[in-house]
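Peer 1: With the sequence up front, the predicted model follows.
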Amino acid sequence: MDPEASLRVPASALLEALPFYALVLDDQHYILQANRAVRDQLGLEPDAIIGQYCPTVVHGLEEPFYACPLEEAVEKGCAVEREAFDEKTGRWLRVAIYPVAPSGPDERTLYFHMVFDITAAKRAEEELKASHDQLRELSRFLESVREDERTKLAREIHDELGQTLTGIKMDLSWLAGRFPQDHELLVRRTESLYKLVEETIQSVKRICSELRPAVLDDLGLAPALQWLTCDFGKRAGLRCRFSAHPHDIVLDRDRSTAIFRICQEALTNVVRHAEATRVSVRLTKGPHSVILRISDNGKGIRESQIVNPRAFGLLGMRERAREWSGELRVSGTPGKGTVVTLGIPLGRAKGPSC
């Protein structure tokens, strides 16, 4: 086919071939051209459409409806696109109007008006959103169940295993006091068992604290974060500092748990990836939100690591923040460290569980 021949196809023929609704209007809303899709939709012949007032022919109105896109296109002199829901047909439409500059000094600006049926895309979008919402609700429910199980398990370990080990420790102490001193082997073995039980008791305390620190439920978020920071520093061999402003920050249990777990995961990432020597944790409460800031002096997280879809630790932190309509920001400077900032609003209750 001759390329120049395709350029000589009349504009009206191109308009007619479009599968969606297409009209050419003037700035007074009068229809100059309308393609077959428009005529089929309205059930009218060309003579009943061409030259007619668009609001009357298309919408059955005596004047343009409120916020008419053509009015905006004429006023601003630019293209206008928007989505609209047609209550009569139950369809979603994308409306677009593009000004067509005049080709001569005496010609006026025309407006190319297109309407796309996007109902199928909208329904697919709504179904996808509903699916995401269901997955998020399921995640909330599972996290809530896991936290309850952690609390129950920590209590059972502390009450049952802890008490049993304490009883064994007391009995060993009683036995050690009754062995003749000349039985050195028995005395050494008893002392060895006593130390082993003591170490096991400390391990039980550590496991219980990691499952669900009692200080979080008994004293609140700020003391729990202070304990977490100090304990982390001792075990990781890092210089850690915690500060809170004000000192008496009081939050509900679920919100406190979310912030505590995010801080716990952030500190874990410091040990795994940062190669840092100092860590600072700061908790502040304003009139509308709570801000948690964790910074280190490590090698600095890279942008590729921040956006990595397999960075499940960061994904979990973001999901916990999103559950409370919060925001988690992570930034890193090479050789200077990483900063994790969490902001959670105070005015929203937790969403319903599954």
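Peer 2: Yep, it's here. Numbers count the residues shown, from 1 in each chain.
Peer 1: Which parts of the stretch 201-350 of the chain are strands?
Peer 2: 239-245, 278-285, 289-296, 327-333, 337-345 (DSSP state E, counting those that start in this stretch).
Peer 1: now the third one: mean pLDDT?
Peer 2: Mean pLDDT, computed over strand 289-296, is 94.
Peer 1: elements contacting that strand?
Peer 2: Contact partners of strand 289-296 among helices and strands, from 3 or more Cβ pairs under 8 Å, 6 or more residues apart in numbering; DSSP states H and E: helix 253-269, strand 278-285, strand 337-345. Quick note: C-beta positions are derived from backbone N, CA and C, even for glycine.
Peer 1: any chance of those in TSV, with distance to residue 62 and mean pLDDT too?
Peer 2: TSV is the format used below for the helices and strands packed on strand 289-296 (distance: least, Cβ to Cβ, whole Å; pLDDT from 0 to 100):
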stretch	distance to residue 62	mean pLDDT
helix 253-269	55	91
strand 278-285	57	94
strand 337-345	47	94
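Peer 1: Redo those as JSON lines? Include distance to residue 217 and mean neighbour count.
Peer 2: Shown next, in JSON lines, are those (distance: least, Cβ to Cβ, whole Å; neighbours: other Cβ atoms under 10 Å):
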{"stretch": "helix 253-269", "distance to residue 217": "7", "mean neighbour count": "20"}
{"stretch": "strand 278-285", "distance to residue 217": "17", "mean neighbour count": "19"}
{"stretch": "strand 337-345", "distance to residue 217": "19", "mean neighbour count": "21"}
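Peer 1: For residue 242, see how far away residue 341 is.
Peer 2: 16 Å (Cβ to Cβ, to the nearest Å).
Peer 1: and residue 127, which of the strands of the stretch 201-350 of the chain is closest to it?
Peer 2: Distance to residue 127, taken as Cβ to Cβ, is lowest for strand 327-333 among the strands of the stretch 201-350 of the chain, at 26.8 Å.
Peer 1: May I see the buried residues of the closest one?
Peer 2: 328, 330, 332 (16 or more other Cβ atoms under 10 Å).
Peer 1: check contacts around the second one.
Peer 2: Read it as residue 330. 301, 306, 314, 338, 339, 340, 341 (Cβ atoms under 8 Å, 6 or more residues apart in numbering).
Peer 1: what residues are up against the fourth one?
Peer 2: Meaning residue 338. So residue 338 contacts 270, 274, 295, 296, 298, 300, 301, 330, 331, 332 (Cβ under 8 Å, 6+ apart).
Peer 1: Identify the bridge partners of it.
Peer 2: residue 332 (DSSP bridges).
Peer 1: need the longest helix for the chain.
Peer 2: The longest helix of the chain (DSSP state H) is helix 119-156.
Peer 1: Next, the buried residues of that helix.
Peer 2: 122, 139, 140, 143, 147, 151, 154.
Peer 1: Which of those sits closest to residue 64?
Peer 2: Among those, and counting by Cβ to Cβ, the member closest to residue 64 is residue 122, at 24.8 Å.
Peer 1: what's the closest non-adjacent residue to the closest one?
Peer 2: Nearest non-adjacent residue to residue 122, counting by Cβ to Cβ, 6 or more residues apart in numbering: residue 92, 4.1 Å away.
Peer 1: how distant is stretch 321-340 from the center of its chain?
Peer 2: Chain-centre distance of stretch 321-340: 13 Å, with Cα atoms, centre = their mean, to the nearest Å.
Peer 1: now do the same end-to-end measure for it.
Peer 2: 12 Å (Cα to Cα, to the nearest Å).
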